[in-house]
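1. Sequence and predicted structure below; questions after.
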Amino acid sequence: MKPFIKSLSLLTLLCAAVMVLLGLWQAELIVPYSWYLLGYFFVITLLTYYMVCQSNKEPLDFPNYTLGATAIRLLISAIILGVFFWQVKDKAARWHFTITFFVIYFLFTAFEIKSLMAKLRQNSGKTDKKDA
């Protein structure tokens, strides 16, 4: 889990550096919520990976843990978007928030998929439950 945390921290720091540079260059591109979103995705990716790591006890349940963690992540993200859209009526703020949200979402999701593929390769040699 430590290599994952190091890689996740590096990704978060790279995203933060890009946000700082964009803020210096085009300040209107970085909405105030961007930093909260970055922290949210760091935490939710860490929690998702932790949930998937629980499948080490039952390697054959890896797909179930992965799908469950992804469903929880998607549900929480939908709730955050819904609450933001319910609270904020300014269309420009909604547009900036949505674009920022999905850019960070896809970056962290791609990172998570890359990390989970390595974990899936570890479990690929296991037999089916009914064969065990």
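-> Nice, I can see it.
2. list the buried ones in the helix or strand hosting Phe4?
-> Secondary structure assigned from DSSP states H and E places Phe4 in helix 2-25. Neighbour-count burial for helix 2-25 flags Phe4, Leu8, Leu11, Thr12, Cys15, Met19 (criterion: 16 or more other C-beta atoms under 10 Å). In short, each C-beta sits where N, CA and C put it, glycine included.
3. Looking at those, which is nearest Met117?
-> Nearest to Met117 among the buried residues of helix 2-25 is Phe4, at 12.6 Å by C-beta to C-beta.
4. Next, the contact list for the closest one, please.
-> By C-beta atoms under 8 Å, 6 or more residues apart in numbering, the residues touching Phe4 are Tyr49, Ser115.
5. From Leu21, how far off is it?
-> 26 Å (C-beta to C-beta, to the nearest Å).
6. Ok, Ala118 next?
-> Taken as C-beta to C-beta, the span from Ala118 to Leu21 is 30 Å.
7. before we move on, what about Ser9?
-> Distance of Ser9 to Leu21, given as C-beta to C-beta: 19 Å.
8. can you pull the buried residues of whichever helix or strand Tyr105 is part of?
-> In the assignment (DSSP H and E), Tyr105 maps to helix 91-123. Neighbour counts over helix 91-123 (16+ other C-beta under 10 Å) mark 96-97, 100-101, 104-105, 107-109, 111-112, 115-116, 119 as buried.
9. about what we covered before: dump the buried residues of helix 2-25 to a markdown table, plus pLDDT and distance to Tyr40.
-> A markdown table is the format used below for those (pLDDT from 0 to 100; distance: C-beta to C-beta, whole Å):
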| residue | pLDDT | distance to Tyr40 |
| --- | --- | --- |
| Phe4 | 84 | 18 |
| Leu8 | 91 | 13 |
| Leu11 | 93 | 14 |
| Thr12 | 93 | 11 |
| Cys15 | 92 | 12 |
| Met19 | 85 | 14 |
